[in-house]
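Asks: turn this into a model:
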Amino acid sequence: MKKFLKLTLFLLTAFVMTSTLSSCGYNGMVNRDEAVKSQWAQVENVYQRRSDLIPNLVNTVKGEANFEKSTLVAVQEARSQATKVTIDPSKLSQDDINRFQKAQDGLGGTLSRLLMVTENYPNLKSNEAFMALQSQLEGTENRITVERQKFNAVTQDYNSYIRGFPNNIIANMFGFHEKGYFAATAGAEKAPTVNF
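Replies: Next up, the predicted model:
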């Protein structure tokens, strides 16, 4: 009878400890997963802000009679492609983030080209609406950088949490998987060449 009581007590203690640990681990994973999803929504929000500014910028630039139409068309097409890429925030694999980033990089490249070409148009450079839009766009690019950094931080916290022991066991049981990170664009380590 003593053996049975000891065994029952041991099993009950093991069950309570396992339940407590798994509940805390599971809830921590859910909280961190939600933090990643929330931060991803904020990243999308600032990219959407940039996308929303582009039609106003393009329309302002169109007012310059001699402006190169091919640049405007390229910006509009890149914006269209970038807004088509949507990512399920519950998955956020590295491939998904890379695909999203590639579309956004395409848009960023055409925007840079648009802003560089405008340097040849003094009337446009003195246009207050254009200057205000250019300033808003610059501020938005800074916001994008900040939100991407925050996303990487909450993703790192989540990934570390689900990979640590014993959380890795619970994560596997409940289907929690690593999330992808934003990384620098290929070639970003090289400083751009500026010619005056």
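Asks: center of the protein - which residue?
Replies: V43 (4.4 Å; CA atoms, centre = their mean).
Asks: after the host helix or strand of V30, next one along is what?
Replies: If you go by DSSP states H and E, V30 is part of helix 2-62. As assigned by DSSP H and E, the chain's next helix or strand after helix 2-62 is helix 69-84.
Asks: show me what the helix or strand just after that following helix is packed up against.
Replies: Going down the chain from helix 69-84, the next helix or strand is helix 94-117, by DSSP H and E. Counting contacts by 3 or more CB pairs under 8 Å, 6 or more residues apart in numbering; DSSP states H and E, helix 94-117 is packed against helix 2-62, helix 69-84, helix 128-163. In this view, the C-beta of every residue, glycine as well, is placed from N, C-alpha and C.
Asks: name the residues of the shortest one that come out as buried.
Replies: Of the residues in helix 69-84, those buried by neighbour count under the rule 16 or more other CB atoms under 10 Å are T71, L72, A74, V75, A78, R79, A82, T83.
Asks: list the contacts of the closest residue to A74 other than its chain neighbours.
Replies: In this structure, A74 finds its nearest non-sequential neighbour in T110, 4.8 Å apart by CB to CB, 6 or more residues apart in numbering. Going by CB atoms under 8 Å, 6 or more residues apart in numbering, T110 touches T71, A74, V75, E77, A78.
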